[in-house]
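Chemist: how would this look folded up:
(chains A and B)
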Amino acid sequence: MQPNLIKSVGVAWTLLYAAFVIWIYATAPRTFNEATTGASVVAGTYAIDEARFRAARELFGREQYAAARDEWTRADPAMRDARTQFYIAYAFYREGWGRVYNDDALFKQGLESIERAIRLSPEGALRVDDPELKIHSAAELKAELQQGAESSLGDLNPLKIVRERK
Amino acid sequence: MRDGDAPVFEPMNNRRDSNRLLVRHLLLPTIFLTVALLGGLRVAAETGAFLFLAPPLVALVLAVLLMLLFARGGLVNLRAWFTSDHASLTNVSHALTLLALFFASAQAFNSVLPESGLFRWLFAFFFLWTLWNNQFAHFDARVTLRSLAALFGTAFVLKHMLLASIYAPDGGWLKRLAGALVEGVTQGTFGVQESFAPATGYISFFTLALYVLGLILVPSAPDTDERDAPQHEATSLVSRYRQLPDGERALLREEILRTERGRLEDEIHSTRTD
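Modeler: From the prediction side, this is the model:
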């Protein structure tokens, strides 16, 4: 084997392996599964589990929001799919929404998910065309969650009880 | 040597050179980077989750001292590793290997340093003390290696066997008692050691073994033929002779003359007749 070839392969391999070690320490996966998921994200081969996604959508339809969120989290363990993150945020919104008052903790978690969805979507514009949803754009859902999480004088308005959940 | 011998030995030399290059440019960085990867790996006792701990600052300081010791002890002859005679690709590859060795050293320390409490600082202090003292002692590569294997071996036994046993959550009453006594002596300043799964000890053992193996494989001077080794040893011996006080130099000369006089006279005689 040519000495220069061995040296070139050695340098390339060392750089690649060093990058892998740095990546492992930067992402700190807790299990082999997390590590392989992370690796597939880096390699660009990451895809969500569609079967789990559909199962979660069904749970969402039956208003079992916490269970739906769990399924969506399993379907998108790396939290890299904008659509799934949108649905998770929506589940937080639906569960946290109240006629008299909203659950601020759930709304804040919803905000985190929708912000993640916006970051993941190209140019930050995400639209989900699901006929069973009343909010279709990520920006609109974010505004709804922000409004619900904030305390204002409007919270004292008695007419608030006639508003409807989206 | 007969003319026909050359083709027989030539391929063997090529294979040897090729293997040597493979070790130096592929195997060594792989070993050291694996040590760097595994040195900070712990396995949580309760969940079995991986915990990757980056090397603490003190481990980096210890690694710097260790690299200096490698250079002083002759385990790594920097002038031979980096020279203008080498192609730039060779120098780059050597730089990467030594960088990997540095991080592997830091992670080897990380692997045997307790994670918290006074024990961590005690261990760090003793490592620092040992390495600092060694900077001023005369070492050759073999002694450096043996000393390092002993240093890491002791630290491994103390951390992964003694401390782990004392602080094991499912330890017996004796272990608990020993833990409580040690804790009481310092009024709790030892701090509670994190308990990890037994796999952590196995990973650390494998990591340290790999690290020592890597050190054994590191050539002192990369492009020097092993057949030149005696010459290197002689050069080293001469330089050590020059560092000796006059009395010891005279003693050494006398001893050499006593044992080698006959051979020296023969050599002088043959030179004159030539």
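
Chemist: if I pick B:A54, what's in contact with it?
Modeler: By Cβ atoms under 8 Å, 6 or more residues apart in numbering or on different chains, the contact set of B:A54 is A:Y25, B:G40. (C-beta placed from N, C-alpha, C; glycine too.)

Chemist: ok but it is inside a strand, no?
Modeler: No - B:A54: not assigned to a strand; according to DSSP: H, G, I helix; E, B strand; the rest coil it is coil.

Chemist: which residue is the nearest non-sequential neighbour of the residue of the stretch 1-150 of chain B found nearest chain A?
Modeler: The stretch 1-150 of chain B approaches chain A most closely through B:H25 (3.0 Å), counting by Cβ to the nearest Cβ. Leaving aside its chain neighbours, B:H25 sits nearest to A:G10 (3.0 Å; criterion: Cβ to Cβ, 6 or more residues apart in numbering or on different chains).

Chemist: do the same with B:T90
Modeler: A:K7 (6.1 Å).

Chemist: got the buried residues for stretch A:21-30?
Modeler: By 16 or more other Cβ atoms under 10 Å in any protein chain shown, the buried positions in stretch A:21-30 come out as A:V21, A:I24, A:Y25, A:T27, A:A28, A:P29.

Chemist: and that stretch, how far from the chain's centre?
Modeler: Using Cα atoms, centre = their mean, to the nearest Å, the distance from the centre of stretch A:21-30 to the centre of the chain it belongs to is 21 Å.

Chemist: try stretch B:24-39
Modeler: On Cα atoms, centre = their mean, the centre of stretch B:24-39 falls 13 Å from that of its chain.

Chemist: any idea of the mean pLDDT in it?
Modeler: Throughout stretch B:24-39, pLDDT has a mean value of 95.

Chemist: over to stretch A:104-123?
Modeler: On average, stretch A:104-123 scores 91.

Chemist: got it, and stretch B:262-273?
Modeler: Mean predicted confidence for stretch B:262-273 is 77.

Chemist: got phi/psi on B:R42?
Modeler: Dihedral pair for B:R42: phi -130, psi 160, per degrees, to the nearest 10.

Chemist: ok, back up a step: out of the buried residues of stretch A:21-30, which one sits closest to B:R242?
Modeler: A:V21 (43.6 Å; Cβ to Cβ).

Chemist: need the nearest residue in space to the closest one, chain neighbours excluded.
Modeler: B:L37 (4.8 Å).

Chemist: can you tell me the SS state at the closest residue in space to A:A75 that isn't next to it in sequence?
Modeler: Sequence neighbours aside, A:R52 is the residue nearest to A:A75 in space, at 3.7 Å (criterion: Cβ to Cβ, 6+ apart). At A:R52, secondary structure determined by three-state DSSP is helix.

Chemist: pretty sure A:R52 contacts A:E71?
Modeler: Yes - in terms of Cβ atoms under 8 Å, A:R52 counts as a neighbour of A:E71; the distance is 5.3 Å.
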